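Undergrad: Could you work out the structure for the sequence below:
(4 chains)
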There are 2 protein chains.
Amino acid sequence: MLRVSKFTDYAVVVLSRLEAEGGVQTAPGLAAGTGIAEPTVAKVLKMLSQAGLVEGLRGARGGYRLLRPLASLGLSEVIVAMDGPIALTACVDGGFGLCEAEHTCPVRGRWDPVNAAIRGALSAIMVSEIASPPAPRRAAAPAPQPVLVAE
Amino acid sequence: MLRVSKFTDYAVVVLSRLEAEGGVQTAPGLAAGTGIAEPTVAKVLKMLSQAGLVEGLRGARGGYRLLRPLASLGLSEVIVAMDGPIALTACVDGGFGLCEAEHTCPVRGRWDPVNAAIRGALSAIMVSEIASPPAPRRAAAPAPQPVLVAE
DNA sequence: GTGAAAGGGGACCCATTCGGTCCGGATTGC
DNA sequence: GCAATCCGGACCGAATGGGTCCCCTTTCAC
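TA: Modelled structure (predicted):
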């Protein structure tokens, strides 16, 4: 169905909460604030930390801290951090003779432009455009700018 | 991993073969030509037929026939035919209070611009750009035109 | 008119992956 | 030294996707 994993969704929520509160937040605190199960939040934060999107502070009084404002954080970075590289098919860019029916397959790595197009579209969207501002009540926020195309 | 189903890949291959050969092709014939298992090809063709991308001719001497040239067939149509509507998350456009943590979820249907962007990027790519022309040997075909962005 | 060839529409099963949980270890502040 | 917190992995159940098979209907050839 061409969907991203649920973790990407969670990541956006957690990042949004992280920016809304500001400062250092603990995993249990973020779990309580977002309504997501605590172990899941911890897992999401771990992944985001490995990707360098947040910083994990160990020890007592530790927690997680945003490293970059969400307005400068491309959605594609979050997706890559959670779901791995964006490649629509098994025939990835640098893929070699992995396809079993290589000689008969007429496609043969032609998915690259598609992957590039998706990446571009996703890179143009910032996380801050998805995560609604601190406002808990959705106050008919006008779209900050028409994103790309409107189909 | 943000990938489309394997069926979409198969569909592009089958459609490409269908246009390369021209005329009416049987499912077993297409299976032999593409190297894909026959039941799978039949399933793909059935779905494409339901979506109105190909026409199924019943009876002896039957087969499948392309209804539109691949140059005018958007990739998004194939994806929709095989994988269903393009919606990256469960919070689809018209989704109502399906989210369990609706009051705490700060995202709340904000994925719409993302979906629109993906749809737009996919609609701009024609199937003929992915399916290499009749050439069975890949002769370093230069990209017909830079598709969208290059990341 | 009869039989064979082909599509149409299901049901069905297996493998893979995803979503989620848990545990022990390492690190830091009080 | 103790407690709080992150870090890294292993682990398991469930859902989904990928693939096969069956029987029915339709149409052409003989």
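Undergrad: State the pLDDT value of whatever residue of chain A ends up closest to DNA strand C.
TA: In chain A, the residue that lies nearest DNA strand C is A:Gly59 (2.4 Å; CB to the nearest atom of the strand). (Each C-beta comes from the backbone N, C-alpha and C, glycine too.) Per-residue pLDDT puts A:Gly59 at 92.
Undergrad: how near is it to A:Tyr10?
TA: A:Gly59 sits 25 Å away from A:Tyr10, going by CB to CB, to the nearest Å.
Undergrad: So the two - more neighbours on which side?
TA: A:Tyr10 (22 against 6; other CB atoms under 10 Å in any protein chain shown).
Undergrad: isn't that one right up against A:Val41?
TA: Yes: in terms of CB atoms under 8 Å, A:Tyr10 counts as a neighbour of A:Val41; the distance is 7.3 Å.
Undergrad: follow-up on the earlier one: what residues are up against the residue of chain A closest to DNA strand C?
TA: Listed by CB atoms under 8 Å, 6 or more residues apart in numbering or on different chains, A:Gly59 has no contact partners.
Undergrad: That one - that's part of a helix, no?
TA: No: using DSSP: H, G, I helix; E, B strand; the rest coil, the assignment for A:Gly59 is coil, not a helix.
Undergrad: What's opposite whatever residue of chain A ends up closest to DNA strand D in the beta bridge?
TA: Residue of chain A nearest DNA strand D, by CB to the nearest atom of the strand: A:Gly56 (2.4 Å). Judged by DSSP bridges, the bridge partners of A:Gly56 are A:Tyr64.
Undergrad: Show me which residues of chain A sit near DNA strand C.
TA: By CB under 7 Å from any atom of the strand, the part of chain A that sits against DNA strand C consists of A:5-7, A:10, A:37, A:39-40, A:42-43, A:58-62, A:83.
Undergrad: Just the element for A:Ile79, please.
TA: helix A:75-83 (DSSP states H and E).
Undergrad: Following the chain past that helix, name the next helix or strand.
TA: Downstream of helix A:75-83 (by DSSP H and E), the next one is helix A:112-123.
Undergrad: Quickly check: the helix or strand just after that next one near chain B or not.
TA: With elements assigned by DSSP H and E, the helix or strand that comes after helix A:112-123 is helix A:127-130. Yes: contact of helix A:127-130 with chain B (CB under 8 Å from any CB of the partner chain) involves A:Glu129, A:Ile130.
Undergrad: which other residues reach helix A:127-130?
TA: Contacts for helix A:127-130 (CB under 8 Å, 6+ apart): A:12, A:15-16, A:19, A:69-71, A:73-75, A:78, A:144, A:147, B:107, B:110-111, B:113-114.
Undergrad: Repeat the analysis, applying 7 Å as the threshold.
TA: A:12, A:15, A:70-71, A:73, A:75, A:78, A:144, B:107, B:110-111, B:113-114 (CB atoms under 7 Å, 6 or more residues apart in numbering or on different chains).
Undergrad: Just the buried residues of those.
TA: Burial by neighbour count, 16 or more other CB atoms under 10 Å in any protein chain shown: within these this picks out A:Val12, A:Leu15, A:Leu70, A:Leu73, A:Leu75, A:Val78, B:Val107, B:Arg110, B:Trp111, B:Pro113, B:Val114.
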